[in-house]
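[1] Any chance you can model this:
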Amino acid sequence: MADTYQITEGRLGEEPTVTVSAPDGRARAVLALRGATLLSWQVAREAPGQLTEQKDLTEQKELTELTELTDGYRDETEMLSQDGVRAGLLAPFPNRVADGRYRYGGRDHDLLPGRLADRTVYHGFAREAPFRIVAATTTADSARLLLRTTSLRPGRYPGYPFALDLDVEYTIGRRELGIEIRATNVGETTAPYASGWHPYFTLSRPIDDLVLQIPAHTLIRTDASLIPLRGEEALLPLDRRPDMDFRTPRKLGDAVIDACFTDLAPGPDGRTETVLSDPATGDELRVWQHGGNMHVFTGDTLARDRRASIALEPVEATTDAFNRPEHADALALEPRRQRKFHFGVTYLPSTH
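    Numbering: from 1, shown residues only. The predicted model follows:
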């Protein structure tokens, strides 16, 4: 048996994929090159040696049972439909742009030119962009994959005449998966840019009995189209919305959520952790991020398996940031400059 992580190529239908496996078979991740999309993340609940006392490690590997922790695309058709944006990487903007229009650099931009009805546009273009692997390293403890797309160029995507290179680095360990998105402006003009991630997590189905904790002090108020209200009206202290306040862990129950939480409180290490736990097993998922906001979606409108998983989305910017003057400086990515956003998830199974 190999003593380092293994990386193998495969396919989901006609779409190329990459599988990353721990040497003892106790962790496994599958990525699609389309959008650098995480399709599956599986981890063994038991600690090494806890499952069996077999001396033959190959036999122990064969006996290992993996727990699926994400609810990703199951086939090529589902991935191409992009329903639910399952584990999509969100760039150059997360969530929605109101009416598909924004003004930047003194010019008006239309992301949906010629469309009159249903001008909903969300989650950018990276989630369907062609990525390629440019580097891969493996050790006994983890694997790193660096994927790149150069598809964000003027003329490629209507309403976004800017040139960006996107690098996505995955670090996959035994119980942690980290992602860093790095955008480099390779054009001649300043570009508006923000990123995020749209993963769905599952510890039990449905999600109603799971417990959620979000270290956020403020909720973003929106209109019926999920567009934030203007200016300071959008900022609602969670002390005034106890039904949406998850600073103290509490059961999701029948709560229907599609909202952004901001003013996050980081821990001593500088990263914020949103915690999803299953009281029945004691298992936890800790979604961590350096900066940004946390958008939560309870999956009530998914085409498949509603409320079977919950989207916990680290995002750099709030919905419709391209149309909010207060975000202009944070969005501006100047020529030859790079910006990165680092986030990920840790699985902590119960030891009992």
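[2] Please make it C-alpha for all contacts and neighbour counts, starting now.
    Noted.
[3] Just give the nearest non-adjacent residue to the residue positioned nearest the centre of the chain, would you?
    Among the residues of the chain, the one closest to the centroid is Trp197, at 2.2 Å (C-alpha atoms, centre = their mean). Leaving aside its sequence neighbours, Trp197 sits nearest to Leu89 (C-alpha to C-alpha, 6 or more residues apart in numbering; 4.7 Å).
[4] Is the one you found part of a helix or strand, or is it coil?
    strand (DSSP: H, G, I helix; E, B strand; the rest coil).
[5] for Glu78, same thing?
    Applying three-state DSSP: Glu78 is helix.
[6] mind checking how far it is from Arg307?
    Remark: distance between Glu78 and Arg307 (C-alpha to C-alpha, to the nearest Å) = 17 Å.
[7] ok, now Arg107?
    The value you get for Arg107 to Arg307, if C-alpha to C-alpha is used, is 41 Å.
[8] of the two, who's got more company?
    Arg307 (20 against 7; other C-alpha atoms under 10 Å).
[9] circling back to that earlier point, so the residue nearest to Trp197 touches Arg127, yeah?
    Yes. Contact criterion C-alpha atoms under 8 Å: Leu89 and Arg127 qualify, at 5.2 Å.
[10] can you list residues touching both of these two?
    Residues touching both Leu89 and Arg127 (C-alpha atoms under 8 Å, 6 or more residues apart in numbering): 35-37.
[11] among the residues you listed, who's most crowded?
    Within the shared contacts of Leu89 and Arg127, most neighbours by other C-alpha under 10 Å means Ala36, with 29 neighbours.
[12] so what's it closest to, chain neighbours aside?
    Phe131 (6.1 Å).
[13] in the stretch 1-150 of the chain, what spans have low per-residue confidence?
    Low-confidence segments of the stretch 1-150 of the chain (pLDDT under 70): 1, 47-63.
[14] Who are the contact partners of Thr37?
    Shown in contact with Thr37 (C-alpha under 8 Å, 6+ apart): 31, 87-89, 127.
[15] of those residues, closest to Ser204?
    Of all the contacts of Thr37, Ser204 sits closest to Ala87, with 18.1 Å by C-alpha to C-alpha.
[16] The residue nearest to Ala36 touches Thr149, doesn't it?
    Yes. Counting by C-alpha under 8 Å, Thr149 is a contact partner of Phe131 at 4.7 Å.
[17] related to what we said a few turns ago, ok, Leu89 and Arg127, which is more surrounded?
    Legend: neighbour count by other C-alpha under 10 Å for Leu89 and Arg127, higher for Leu89 (30 against 25).
[18] State the distance from the more buried one to Gly187.
    Applying C-alpha to C-alpha, the value for Leu89 to Gly187 is 22 Å.
[19] What of Thr319?
    Distance from Thr319 to Gly187, by C-alpha to C-alpha: 25 Å.
[20] And the two? Which one has more around it.
    Neighbour count, other C-alpha under 10 Å: between Thr319 and Gly187, Thr319 has more, with 25 against 18.
[21] Quickly find the element holding that one.
    For Thr319, there is no enclosing helix or strand under DSSP states H and E.
[22] Check it and give its pLDDT.
    On pLDDT, Thr319 comes in at 97.
[23] now the strands for the stretch 1-150 of the chain?
    Here the stretch 1-150 of the chain has its strands, by DSSP state E, counting those that start in this stretch, at 6-12, 15-21, 27-32, 37-44, 66-68, 88-90, 101-104, 107-110, 132-138, 143-152.
[24] what distance separates the fifth one from the centre of its chain?
    The reference is to strand 66-68. Remark: strand 66-68 is offset 19 Å from the chain centroid, using C-alpha atoms, centre = their mean, to the nearest Å.
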